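> have a look; sequence and predicted model below, questions after that.
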Amino acid sequence: MISGSPLRGEAFCRFERKTKEDAVAHEVPPLPYDYAALEPYIDAQTMTLHHDKHHATYVTNLNNALQKYPQLQNKSAEELIRDIKSVPEDIRTAVRNNGGGHVNHTMFWKIMKPKSGGAPTGKIADEIKSVFGSFEDFQKLFNDTGTKQFGSGWVWLVRNSGGKLQVLSTPNQDNPMMEGHHPIMGNDVWEHAYYLKYQNKRADYLAAWWNVVNWDEINKRLQSRE
Ligand code: MN3
């Protein structure tokens with residue numbers, strides 16, 4: 001793999017000394033579009049800070065937390081958070097917050113796309129209709145759930161541990177996988193996701209976000225776990 005950032009380079013060298021070629025440090029995936037591509041719904045400055053600073057910090061902190069546990073360095077971030085209770089107690093909170101932050105944001109960039117949004121297509125459209133009645137009812141539930149999440153967190157559509165589609169929210173960087181659910185899509189309701197443009201109006205951000213939703217990617221996530 002090619003190192004694209006000094007951040008990864010440093011982390012990789014550190015692990016390389018410890019475990020030879022086995023471990024690869026976690027790294028921030030490149031944004032799949034330009035920072036300004038989601039304007040006017042999400043502004044370029046927010047995207048730049050969110051991806052290059054916030055997401056990067058979760059990755060740095062995750063790699064730092066794993067330094068003293070070489071046996072955990074080969075696990076994907078998903079594997080780590082899915083089985084968070086098996087992570088050693090002294091780094092569990094750090095892995096929960098930063099591994100969660102890494103997984104959540106890696107999904108987030110991919111489920112958005114410029115010139116997209118609108119009504120869902122494909123299988124997700126059918127499932128939403130059959131479970132929530134209509135796309136509008138689903139949007140209202142998703143937006144209300146995101147608005148009511150107190151403080152920082154995420155609002156999700158998941159396939160729950162019982163196999164049913166469900167809307168729920170999580171605090172901080174917790175991911176539904178920690179509770180045995182499969183996350184199909186999620187929106188970040190941390191203030192860092194919207195404050196520069198929307199200030200305290202989280203509901204306005206949640207409403208605008210539907211204009212950048214990438215239903216193709218969400219259909220892929222739906223079908224990866226049926
Ligand atoms: Mn965020």
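Arrived safely, thanks for sending. Numbering: from 1, shown residues only.
> ok, His26 to the ion distance?
16 Å (CB to the ion, to the nearest Å). Bear in mind the C-beta positions are built from the backbone N, C-alpha and C, glycine included.
> revised request: answer the last question for Arg159.
According to CB to the ion, Arg159 stands 23 Å off from the ion.
> state the number of residues packed around that residue.
The tally of other residues near Arg159 (other CB atoms under 10 Å) stands at 20.
> contacting residues for it?
165-166, 181-182, 184, 222, 225-226 (CB atoms under 8 Å, 6 or more residues apart in numbering).
> go with 7 Å
Contact analysis of Arg159 by CB atoms under 7 Å, 6 or more residues apart in numbering lists 165, 181-182, 184, 225.
> which of those residues tops the neighbour count?
Ile184 (25 neighbours).
> other residues contacting the strand or helix carrying that residue?
Using DSSP states H and E, Ile184 falls within strand 182-188. With contact meaning CB under 7 Å, 6+ apart, strand 182-188 is reached by 104, 107-108, 111, 146, 154-159, 175-177, 206, 209, 218, 221-222, 225.
> what does stretch 47-55 contact?
For stretch 47-55, the external contacting residues (CB under 7 Å, 6+ apart) are 28, 31, 35, 38, 105, 109, 192-193.
> filter these to the buried ones?
Among these, the ones that count as buried by 16 or more other CB atoms under 10 Å are 28, 31, 35, 38, 105, 109, 193.
> okay, those residues in CSV with pLDDT, distance to the ion and secondary structure next?
Formatted as CSV, the buried ones among the contacts of stretch 47-55 follow (pLDDT from 0 to 100; distance: CB to the ion, whole Å; DSSP: H, G, I helix; E, B strand; the rest coil):
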residue, pLDDT, distance to the ion, secondary structure
Val28, 98, 12, coil
Leu31, 97, 13, coil
Tyr35, 98, 15, coil
Leu38, 98, 14, coil
His105, 98, 6, helix
Trp109, 98, 10, helix
Ala193, 98, 5, helix
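> which two among the contacts of stretch 47-55 are spaced furthest apart?
Maximum pairwise distance among those (CB to CB): 17.6 Å, between Val28 and Leu38.
> for the residue in the chain positioned nearest to the ion, report the pLDDT, please.
In the chain, the residue found nearest to the ion is Asp188; the distance is 4.2 Å by CB to the ion. Asp188 carries a pLDDT score of 98 in this model.
> next: Glu21.
Here the pLDDT value assigned to Glu21 is 46.
> before we move on, what about Asn175?
98.
> then Gly117?
pLDDT, Gly117: 88.
> ok, now Pro171?
pLDDT, Pro171: 98.
> helices of the chain, start to end?
Remark: helices assigned in the chain by DSSP state H are 6-19, 44-48, 56-66, 77-82, 89-110, 122-132, 135-148, 195-198, 202-209, 215-223.
> quick one: terminal-to-terminal distance for stretch 78-90?
The straight-line separation of the ends of stretch 78-90 (CA to CA, to the nearest Å) is 19 Å.
> outside of it, which residues touch it?
69, 72, 92, 95-96, 99-100, 103, 175, 177-178.
> show me which residues of stretch 62-79 are buried.
For stretch 62-79, by 16+ other CB under 10 Å, it's 62-63, 65-66, 72-73, 75, 77.
> can you put the residues you listed in TSV and add pLDDT and distance to the ion?
Converted to TSV, the buried residues of stretch 62-79 look like this (pLDDT from 0 to 100; distance: CB to the ion, whole Å):
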residue	pLDDT	distance to the ion
Leu62	98	14
Asn63	98	18
Ala65	97	18
Leu66	98	21
Leu72	97	24
Gln73	95	24
Lys75	96	23
Ala77	97	15
